[in-house]
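J.: sequence plus predicted model, see below.
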Amino acid sequence: MSNSNNFNNNSESLSEYEQMVKLTKDATKLASLNPSITLEKVEKALEIALRLDDKTHIYKCKHATGAALFHMGEIEKSIKATKDTLEFVHQHFPNNIYYLSLVYSVLGSVYLQIDKYNMALEFLMIALSFKCDKTYADIYNGLAVVYYKREDKAKALEYWENGIKYTDKKKKLVKYAYLAYNIAFIYYEMDDLETARQGFNEVIQLLKKDEETQVQGIVVSSIYSLANIYAQEKNYEQAFSLFDDSIELAKNQSLTPLLIDAYYGKAELYFEQGKEQEGSRLLQKTLEYKEQFKSHQHNEKILLHLKKYYAKTDDAAEALKYSEQLYEITKEKLKTSKDKEFQKIINEREKEIQLLERKNQEIEKHNTILKQFTHIISHDLREPVRGINGFANLLNKKFKDKLGETGEEYISFILSETGNINNKLARLLEYTSLKKPEKNQIRSLSIHEIIERQKQQFSLIDKLDIIYDDTCLEMEYDHADKLIYELIDNAVKFRKEEQYCRIEISGESKNAYQHIYIKDYGIGIAEEYQQSVFKIFNQLDKKTKGVGVGLAICERIAGLYNGRIWIESVSGECTTFHISFSEVV
């Protein structure tokens with residue numbers, strides 16, 4: 001029998017032999033990282049091995065082929081190739097317990113991936129029976145996964161702990177860290193959070209200096225799991241920080257499935273705190289990774305969250321969009337399952353889509369009515385008011401001498417009220433004309449440039465001081481101007497008499513969200529009125545100028561950016577208006 005040990009060492013063949021060894025070694029190393037390159041190298045190496053009749057390297061090439069196909073997702077081909085390798089080992093290396101144990105272990109792992117747990121268990125137990133120290137770690141890992149899938153966590157933990165005993169931390173650092181991660185994860189699922197925390201921290205410390213993508217994947221998963229532990233303990237600050245770390249690392253390493261995990265975990269934390277807007281915005285980011293999202297474990301949960309959020313905010317078009325995507329995913333699953341439960345879900349999804357389509361049609365109808373109403377305000381309603389105003393002026397001009405003091409007072413009252421009606425109609429038109437901006441209309445606008453444009457409008461006001469920082473608003477031009485103007489105007493109207501009017505504007509931007517603060521030191525707003533001031537035509541003080549629309553406009557603008565506005569105030573001292581919204585519509 002010819003093999004590498006009786007190889008004839010002439011110089012030409014030695015060069016070919018070395019080439020074969022290098023190709024085989026490279027192919028084995030790249031099997032999981034770049035399986036297509038592995039197959040190319042294996043093909044060349046196998047050609048040489050067959051020509052030299054080198055049985056050891058023929059085995060290694062066959063083994064690498066099965067592994068590469070497995071990592072490419074070609075499971076049936078991988079099973080066929082691995083069985084071919086097993087037959088070859090039985091024929092040429094019947095007493096090599098390492099080869100036999102390894103191939104049986106790989107075959108068990110392949111069956112594990114297609115959820116054939118009985119087959120996987122059978123092959124893994126055969127592999128274990130050869131009692132080969134070199135393969136114990138992989139076999140125990142496979143057995144642990146089988147029992148984990150069967151929801152026997154205690155047995156899974158036992159096998160993973162056995163596996164780590166046979167793994168040299170110095171020589172097999174990555175494998176050791178992988179097993180340590182699995183052990184920590186089991187402790188996490190068994191609610192032993194302190195042991196789990198120690199395990200995840202150990203993994204991070206072991207691998208933090210290794211920059212290989214595969215290794216960094218274990219690090220990201222460990223950081224993400226730590227974030228979940230702190231979230232479970234209600235330590236939100238630490239949890240948010242760790243989620244941000246896992247998001248950044250996953251982005252840098254292009255680990256998209258783990259990035260989606262991290263976005264989802266952070267969004268869940270927002271939902272737990274009642275911050276649905278922030279959570280939904282994060283979930284929308286996951287949809288940017290279309291191909292990976294389709295097969296992601298959380299895709300249905302993400303779409304369901306988004307559908308519910310937009311249905312709650314009366315955005316039927318968005319809710320319909322996510323409902324349709326949810327329907328498509330469920331339908332795809334139905335193709336591979338005859339489960340009646342899936343058919344029931346499909347029927348429910350179809351009903352949801354029909355309801356949302358009807359709601360969307362109602363909203364479109366409502367928008368049409370709103371446009372008609374806007375036209376009525378700007379033309380039909382203002383025309384008779386202009387007529388009354390004109391005739392009152394004419395009456396005053398022609399019959400002034402005959403009207404007397406009482407008559408002039410009545411005319412003055414008519415002119416004042418028609419003027420008031422005109423102002424209300426103009427402001428109502430302004431309110432109803434506000435529309436959600438398109439993405440291409442969004443600009444980065446500094447508070448400085450907004451204030452500079454408005455200085456002239458407030459130039460006649462004595463003792464006015466506006467202090468602001470370098471905050472930028474990601475908004476449509478007119479919306480930003482109107483929002484800041486209305487809040488400054490409100491502060492000026494309700495300043496303390498004969499006192500300096502000081503207004504402070506600042507903000508912060510984090511994770512695609514903006515928070516603006518506008519503080520004045522005026523008369524303040526009592527707590528019982530802090531909600532009602534945003535209602536249209538609601539004036540707390542009828543003596544002030546205006547018609548009670550300015551703050552309603554501010555609330556509407558915030559809503560157009562899926563944001564909100566609220567008040568913190570100390571009556572008689574100061575008022576702070578808070579506006580939070582997303583930077584991207």
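T.: Cool, the structure landed. Source: prediction; values computed, not measured.
J.: next one: Glu409 from Glu568, what distance?
T.: 44 Å (C-beta to C-beta, to the nearest Å). Any C-beta I mention is one placed from the backbone N, CA and C, and that applies to glycine too.
J.: and this structure, what are its domains?
T.: 362-432, 439-582 (automatic domain parsing).
J.: looking at those, which has the lowest confidence?
T.: Sorting the domains of the chain by mean pLDDT places domain 362-432 lowest, at a mean of 75.
J.: picking up where we left off before, more crowded one of Glu409 and Glu568?
T.: Glu568 (14 against 11; other C-beta atoms under 10 Å).
J.: thought Thr576 was touching the more buried one, still the case?
T.: Yes. With contact defined as C-beta atoms under 8 Å, Glu568 reaches Thr576; the gap is 4.6 Å.
J.: can you pull out the helices in the stretch 401-550 of the chain?
T.: In the stretch 401-550 of the chain, the segments counted as helices under DSSP state H, counting those that start in this stretch are 447-454, 477-493, 550-560.
J.: of all the ones you listed, which one comes closest to Leu259?
T.: Leu259 sits nearest to helix 550-560 of all the helices of the stretch 401-550 of the chain, at 29.3 Å, using C-beta to C-beta.
J.: got the contact list for stretch 59-68?
T.: Stretch 59-68 is contacted from outside by 24, 27-28, 31-32, 35-36, 38-39, 42, 45-46, 49, 78, 81-82, 84-85, 88-89, 92-93, 99, 102-103, 106, 110, using C-beta atoms under 8 Å, 6 or more residues apart in numbering.
J.: right, so of the domains of the chain, which gets closest to Pro257?
T.: Per C-beta to C-beta, nearest to Pro257 of the domains of the chain: domain 439-582, 20.7 Å.
J.: off-centre distance for the closest one?
T.: 30 Å (C-alpha atoms, centre = their mean, to the nearest Å).
J.: then stretch 113-127?
T.: Put simply, stretch 113-127 sits 37 Å off its chain's centre (C-alpha atoms, centre = their mean).
J.: can you check stretch 134-148 too?
T.: That offset, for stretch 134-148, works out to 34 Å (C-alpha atoms, centre = their mean).
J.: list the buried ones in that stretch?
T.: Under the neighbour-count criterion of 16 or more other C-beta atoms under 10 Å, stretch 134-148 has 135-148 buried.
J.: ranking the domains of the chain by burial, who's on top?
T.: Most buried of the domains of the chain, by mean neighbour count (mean count of other C-beta atoms under 10 Å): domain 439-582, with a mean of 16.
J.: returning to what we had before: possible to save the helices of the stretch 401-550 of the chain as a markdown table with distance to Glu248?
T.: As requested, the helices of the stretch 401-550 of the chain are exported to a markdown table (distance: least, C-beta to C-beta, whole Å):
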| stretch | distance to Glu248 |
| --- | --- |
| helix 447-454 | 28 |
| helix 477-493 | 30 |
| helix 550-560 | 29 |
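J.: out of these, which is closest to Tyr176?
T.: Using C-beta to C-beta, the helices of the stretch 401-550 of the chain put helix 550-560 closest to Tyr176, at 52.3 Å.
J.: for the closest one, C-alpha coordinates in PDB please.
T.: Presented in PDB, the C-alpha positions along helix 550-560 are these (Å, rounded to 0.1, in the frame of the first residue of the first chain):
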ATOM      1  CA  GLY A 550     -49.000  78.500  17.900                       C
ATOM      2  CA  LEU A 551     -48.400  75.600  20.300                       C
ATOM      3  CA  ALA A 552     -50.800  73.400  18.400                       C
ATOM      4  CA  ILE A 553     -48.600  74.000  15.300                       C
ATOM      5  CA  CYS A 554     -45.500  73.000  17.300                       C
ATOM      6  CA  GLU A 555     -47.200  69.800  18.400                       C
ATOM      7  CA  ARG A 556     -48.300  69.000  14.800                       C
ATOM      8  CA  ILE A 557     -44.700  69.600  13.500                       C
ATOM      9  CA  ALA A 558     -43.300  67.300  16.200                       C
ATOM     10  CA  GLY A 559     -45.900  64.700  15.100                       C
ATOM     11  CA  LEU A 560     -44.900  64.900  11.500                       C
END
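J.: if we can go back for a sec, and of the helices of the stretch 401-550 of the chain, who's closest to Tyr117?
T.: helix 550-560 (52.0 Å).
J.: against which helices or strands is the very next helix or strand once past that closest one packed?
T.: The helix or strand immediately downstream of helix 550-560 is strand 564-570, counting by DSSP states H and E. In terms of contacts (3 or more C-beta pairs under 8 Å, 6 or more residues apart in numbering; DSSP states H and E), strand 564-570 is packed against helix 550-560, strand 574-582.
J.: pairing partners for the last one, with directions?
T.: Going back to what we said before, that points to strand 574-582. strand 513-520 (antiparallel), strand 564-570 (antiparallel) (DSSP bridges).
J.: would you mind getting the angle between that strand and helix 477-493?
T.: With axes from the mean of the first three to the mean of the last three C-alpha atoms, to 10 degrees defining the directions, strand 574-582 sits at 170 degrees from helix 477-493.
J.: so for the host helix or strand of Ala156, mean pLDDT?
T.: Per DSSP H and E, Ala156 falls inside helix 153-165. Average pLDDT, helix 153-165: 92.
J.: can I get it as CSV, trimmed to CA atoms?
T.: What follows is helix 153-165, C-alpha atoms only, in CSV (Å, rounded to 0.1, in the frame of the first residue of the first chain):
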residue,chain,number,x,y,z
LYS,A,153,-30.3,22.0,29.5
ALA,A,154,-28.8,20.1,32.4
LYS,A,155,-27.5,17.4,30.1
ALA,A,156,-26.3,19.9,27.6
LEU,A,157,-24.4,21.8,30.3
GLU,A,158,-22.8,18.5,31.4
TYR,A,159,-21.5,17.7,27.9
TRP,A,160,-20.2,21.2,27.3
GLU,A,161,-18.4,21.2,30.6
ASN,A,162,-16.9,17.8,29.6
GLY,A,163,-15.9,19.3,26.2
ILE,A,164,-14.0,22.2,27.7
LYS,A,165,-12.0,19.8,29.9
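J.: give me the contact list for it.
T.: For helix 153-165, using C-beta under 8 Å, 6+ apart, the contacting residues are 136-141, 143-145, 147-148, 176, 179-180, 182-183, 186-187, 189-190.
J.: can you put the strands paired with strand 574-582 in CSV and add distance to Ser532?
T.: Formatted as CSV, the strands paired with strand 574-582 follow (distance: least, C-beta to C-beta, whole Å):
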stretch, distance to Ser532
strand 513-520, 19
strand 564-570, 11
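J.: re the thing from before, now the domains of the chain as JSON lines including distance to Glu278?
T.: Shown next, in JSON lines, are the domains of the chain (distance: least, C-beta to C-beta, whole Å):
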{"stretch": "domain 362-432", "distance to Glu278": "24"}
{"stretch": "domain 439-582", "distance to Glu278": "6"}
